Structure formats: C-alpha cells, structure tokens
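Visitor: Mind folding the following:
(one chain, ligands or ions: 3)
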Amino acid sequence: MKNASPWLVMLLGLALVGVSSSLAQQKPKMPADFVFEQKGESPGKATFSHEKHYEQFPKCTECHTKIFKMKRGTTEGPWTMARMEKGELCGTCHTGEKKGPKGQVILSIKDKNNCTRCHIKA
Ligand code: HEC
Ligand code: HEC
Ligand code: HEC
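Guide: Ligands and ions are numbered 1, 2, ... in the order given. Prediction:
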C-alpha cells in the first residue's frame with residue numbers, strides 16, 4: 001500500500017486538470033440583449049442578441065471588429081437597411097442566400113415576413 005498515495009495524488013491532479021479545462025470552455029462574458037436607437041420609419045426597435053449569435057459563432061472575431069466595433073454606438077453609421085441590402089452591417093450575413101454554420105439559410109432582411117424578427121413591435 002506504500003505506493004497508493006502517489007497514485008492518488010496523480011488521480012486527484014488529473015481530476016483537477018479536467019475541471020479547469022471544462023471551466024475554460026465555459027461561455028465567455030458577453031453583453032446582454034440590447035436594442036438599437038430607433039430611427040426613421042423602422043417597424044420597431046431593432047434588437048440584437050449576443051446569446052443567440054454565440055450559439056452560431058463561438059468566435060467573437062466573426063463580427064469583431066471586422067463588421068462591428070466592440071463598443072455600442074461606435075460602429076460607423078448610418079445604420080440603414082440600404083447599407084444592409086448592400087451586404088454591410090447585419091446584411092453581411094442576413095442576405096437570404098448565405099447559410100449559417102449549422103447549414104440553415106440565415107433569415108433575410110429583404111423578406112417582409114422577417115422585419116419583426118429584428119424590429120420588435122412596440
Ligand atoms: C453576429 C455578430 C456579433 C458577434 C459574433 C459578437 N458580437 Fe459583440 N457586438 C455586436 C454588435 C452589433 C455590437 C454593437 C456595435 C455597435 O453598437 O456599434 C456588439 C457590441 C459588443 C460589445 C460592446 C457592448 C457595449 O455595451 O458597449 C461587447 C463587449 C461585445 N460585443 C462582446 C462580444 C463578445 C465577447 C463576443 C464573443 C462571445 C461577441 N461580442 C460576438 C455583434 C456581435
Ligand atoms: C437582421 C435584422 C433586421 C431585419 C430582418 C430588418 N432590419 Fe431594419 N434595421 C435593423 C437594424 C439593426 C437597424 C438600425 C437601427 C434602427 O434604425 O432601428 C435597422 C433600421 C431600419 C430602418 C431605419 C433606417 C433606414 O434604413 O431608413 C428602417 C426603416 C428599417 N430598418 C426597416 C426594415 C424593414 C421594412 C424590414 C423588413 C423588410 C427590416 N427593416 C428588416 C435590423 C433589421
Ligand atoms: C456573422 C454573421 C451574422 C451577422 C453579422 C449578424 N447575424 Fe443575426 N444571425 C446569424 C445566424 C447564422 C443566425 C441563425 C440563423 C437564423 O436564425 O437565421 C442569426 C440569427 C438572427 C436572429 C434570429 C434569432 C432567433 O433565433 O430568433 C436575429 C433576430 C438576428 N440574427 C439579428 C441580427 C442583427 C440585428 C444583426 C446586426 C446587428 C445580426 N443579426 C448580424 C448570423 C449573423
């Protein structure tokens with residue numbers, strides 16, 4: 001039984017390594033869902049959910065900082081649907097043609113049935 005304790009120490013050590021690596025895979029801290037300042041004739045306040053996009057893109061670099069700055073209100077405006085239709089801002093992905101990483105067609109900004117998916121009715 002003399003050799004039991006070093007083995008026990010090693011097993012405990014391995015268990016700890018397991019715990020810390022699963023902690024490392026936990027979700028990063030990200031902002032809560034937010035609404036954009038409503039402009040023009042928009043059908044309602046546009047919302048954005050980091051949580052829902054994280055399910056699609058675990059890598060923050062998918063959007064930051066190529067598409068969006070990492071501080072609210074600092075991405076170069078104006079935030080218009082015209083720009084989005086040209087493939088900028090949310091329209092980088094929400095074209096109705098591009099597919100998400102899980103294979104589904106990403107909801108289109110052009111489809112009238114989708115306006116209120118982003119623009120929540122007040
Ligand atoms: C699908 C695109 C997208 C992804 C992916 C994304 N973000 Fe963002 N993030 C945004 C947008 C849009 C804004 C607002 C930019 C603006 O207002 O100019 C933002 C803003 C932020 C802000 C600023 C919040 C504030 O109140 O100023 C932080 C911090 C942030 N994101 C962190 C993250 C982290 C961490 C991840 C990865 C887990 C991530 N983001 C992934 C789109 C994204
Ligand atoms: C993928 C999300 C998304 C979808 C889908 C979407 N929008 Fe937007 N829209 C935004 C964001 C973000 C803004 C900028 C913030 C704001 O002005 O409310 C915006 C801004 C606007 C504006 C004000 C700026 C401008 O372009 O004049 C109007 C009007 C508008 N949207 C109309 C629509 C209509 C109509 C639809 C459906 C055909 C639609 N949007 C679908 C996200 C979306
Ligand atoms: C890097 C690509 C990318 C960008 C940029 C992006 N999205 Fe998305 N978004 C996705 C994918 C992928 C999905 C999941 C497929 C779907 O539901 O269409 C999604 C889903 C959504 C949904 C539906 C969420 C649900 O499950 O109900 C909304 C609403 C949305 N995005 C709004 C926005 C808004 C607003 C912006 C701009 C501020 C934006 N997205 C920018 C890729 C993107």
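Visitor: Tell me, how many residues neighbour Glu88?
Guide: When neighbours are counted by other C-beta atoms under 10 Å, Glu88 registers 15. No exception for glycine: its C-beta is placed from N, CA and C like everyone else's.
Visitor: what sits against Phe57?
Guide: 63, 101 (C-beta atoms under 8 Å, 6 or more residues apart in numbering).
Visitor: repeat that with 7 Å
Guide: Counting by C-beta atoms under 7 Å, 6 or more residues apart in numbering, Phe57 touches Pro101.
Visitor: Return the backbone torsion pair for it.
Guide: When read as degrees, to the nearest 10, the backbone of Phe57 gives phi -130, psi 90.
Visitor: for Glu62, same thing?
Guide: Note on Glu62: its backbone torsions stand at phi -60, psi -30 [degrees, to the nearest 10].
Visitor: With Thr47 instead?
Guide: phi -110, psi 150.
Visitor: and what of His53?
Guide: According to degrees, to the nearest 10, His53 has phi -80, psi -30.
Visitor: distance of it from ligand 3?
Guide: 6 Å (C-beta to the nearest ligand atom, to the nearest Å).
Visitor: That residue: neighbour count?
Guide: Neighbour number of His53 under other C-beta under 10 Å is 16.
Visitor: Kind regards, and thank you for your time.
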